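Peer 1: Sequence below, structure please.
(one chain, ligands or ions: 1)
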Amino acid sequence: MALEPPTGLSPSRVSSFQDCALAFRFSAIDHLPEPSSLPAVRGTLVHAALERLFDLPPAERTAERATVCLADAHTAMQVDPEYLGLELDDDGDAALLVRSQELLDNYFQLEDPTRITPIGLELRLEAPLGDLNLRGIIDRLELDEDGGLVVTDYKTGAAPRQQFEQGRLGGVHFYSFLCEEFFGVRPAKVQLLYLADPVAIIAEPTDQASRGLRRKLTAIWAAIERSCEREDFRPRPSKLCDWCAFQTHCPAFGGDPDAARAEAAANAALEATPIDLRPVPVPG
Ligand code: SF4
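Peer 2: Reported below is the predicted structural model:
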């Protein structure tokens, strides 16, 4: 029986399939639960703080206000299941805030937020490409001095070494392509702001890059459909396995994917079962 392909592709799904087809299947097709991760939660917190900062009038986007934005985002995060899943004690929570503050402080070394003209924050875009649906969330879309679009993506992990920069730009080129399909305008610039280093990696999208990405996405989608048809998603062990949320289910590490899928399906069925809250009649 063929597997149902996902309903669309995002930049993270594209790189997941390229890195390891089996990890892609676990996440995008089997929907196996992924445990909370500290780097992911920290990234969410810093993104939320920067979103709040850019909601302020330009003159108010100071480092001091960024700290307030971080505190507000941290308060709002208290009910986030990803955050709760970390089960941080007071020291762990304090360390999360300290590192997030460092990343925010580093942000101010990369650009002056009072000079940025955002037109979209955490902007959800979707656009069709043949029978494929492209989707993504753009951290920040802004206008440059000449009225051109600029796509900005914040990264809270380490910047890639120089020879891998072009590969890492793939995600922002994807967003640029989405803008082009959605608004009918190609962005003038795409940039990755690596807050840990801090360093900015910047590129100008071209006709050639756009055509290349269209071809690449079409080919990747065809490969995903083929893998679904044949139910053939193979593990591809690499250094990335150290961070893979599915290592215990992976046959390359002695895991049993079928057992994991059966357990996930049983849990999903249990969660979908309605609870009968009517009062139980008292006998007599
Ligand atoms: S552990 Fe490695 S090989 Fe296995 S699914 Fe994860 S990334 Fe792929």
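
Peer 1: in the stretch 151-284 of the chain, which segments are predicted with low confidence?
Peer 2: Within the stretch 151-284 of the chain, the ranges that satisfy pLDDT under 70 run 160-170, 272, 274-284.

Peer 1: Would you mind listing what in it touches the ligand?
Peer 2: Residues of the stretch 151-284 of the chain that fall close to the ligand, judged by C-beta under 6 Å from any ligand atom: Pro235, Arg236, Pro237, Leu240, Cys241, Cys244, Phe246, Gln247, Cys250, Ala252, Phe253. Any C-beta I mention is one placed from the backbone N, CA and C, and that applies to glycine too.

Peer 1: closest to Gly130 among the residues you listed?
Peer 2: Arg236 (26.1 Å; C-beta to C-beta).

Peer 1: For Leu97, see how far away the closest one is.
Peer 2: When distance is defined by C-beta to C-beta, to the nearest Å, Arg236 is 37 Å away from Leu97.

Peer 1: immediately after whichever strand or helix holds Ala49, which helix or strand?
Peer 2: If you go by DSSP states H and E, Ala49 is part of helix 38-55. Counting by DSSP H and E, the next helix or strand C-terminal to helix 38-55 is helix 63-76.

Peer 1: quick one: that following helix to helix 38-55, angle?
Peer 2: Angle between the axes of helix 63-76 and helix 38-55 is 120 degrees (criterion: axes from the mean of the first three to the mean of the last three C-alpha atoms, to 10 degrees).

Peer 1: the helices in the stretch 51-200 of the chain, which residues?
Peer 2: All helices of the stretch 51-200 of the chain, identified by DSSP state H, counting those that start in this stretch, fall at 63-76, 81-86, 90-110, 165-168, 170-183.

Peer 1: Point me to the residue of the stretch 1-150 of the chain nearest the ligand.
Peer 2: For the stretch 1-150 of the chain and the ligand, the shortest gap (C-beta to the nearest ligand atom) falls at Cys20, measuring 3.3 Å.

Peer 1: so who does that residue touch?
Peer 2: Pro235, Arg236, Pro237, Ser238, Leu240, Cys244 (C-beta atoms under 8 Å, 6 or more residues apart in numbering).

Peer 1: The residue lying closest to the fifth one once chain neighbours are set aside: how many residues sit nearby?
Peer 2: The shortest distance from Leu240 to any residue other than its chain neighbours is 5.5 Å, reached at Asp19 (C-beta to C-beta, 6 or more residues apart in numbering). A count of nearby residues for Asp19, using other C-beta atoms under 10 Å, gives 14.

Peer 1: do the same with Leu270
Peer 2: Applying other C-beta under 10 Å, I find that Leu270 has 8 neighbouring residues.

Peer 1: What of Glu126?
Peer 2: 13.

Peer 1: Spit out the contact partners of it.
Peer 2: If you count contacts by C-beta under 8 Å, 6+ apart, then Glu126 has Gly8, Asn133, Leu134, Arg135, Leu178, Phe182 around it.

Peer 1: Quick check: it vs Phe182, distance?
Peer 2: Between Glu126 and Phe182 the distance, using C-beta to C-beta, works out to 8 Å.

Peer 1: check contacts around Leu86.
Peer 2: Shown in contact with Leu86 (C-beta under 8 Å, 6+ apart): Ser36, Leu38, Val41, Gly92.

Peer 1: I'd like to know which of these is nearest to Gly157.
Peer 2: Distances from Gly157 to these, taken as C-beta to C-beta, are shortest for Leu38 (11.8 Å).

Peer 1: Quick check: longest helix in this protein by residues?
Peer 2: Looking across the chain with DSSP state H, the single longest helix is helix 207-230.

Peer 1: returning to what we had before: please pick the buried ones from the contacts of Glu126.
Peer 2: Gly8, Leu134, Arg135, Leu178 (16 or more other C-beta atoms under 10 Å).

Peer 1: The first one contacts Gly136, correct?
Peer 2: Right, the one you point to is Gly8. No: contact between Gly8 and Gly136 fails when scored by C-beta atoms under 8 Å: they sit 9.5 Å apart.

Peer 1: circling back to that earlier point, pLDDT at the residue of the stretch 1-150 of the chain closest to the ligand, what is it?
Peer 2: Per-residue confidence (pLDDT) for Cys20: 97.

Peer 1: Could you pull up the residues touching Pro251?
Peer 2: Contacts of Pro251 by C-beta under 8 Å, 6+ apart are Pro235, Pro257.
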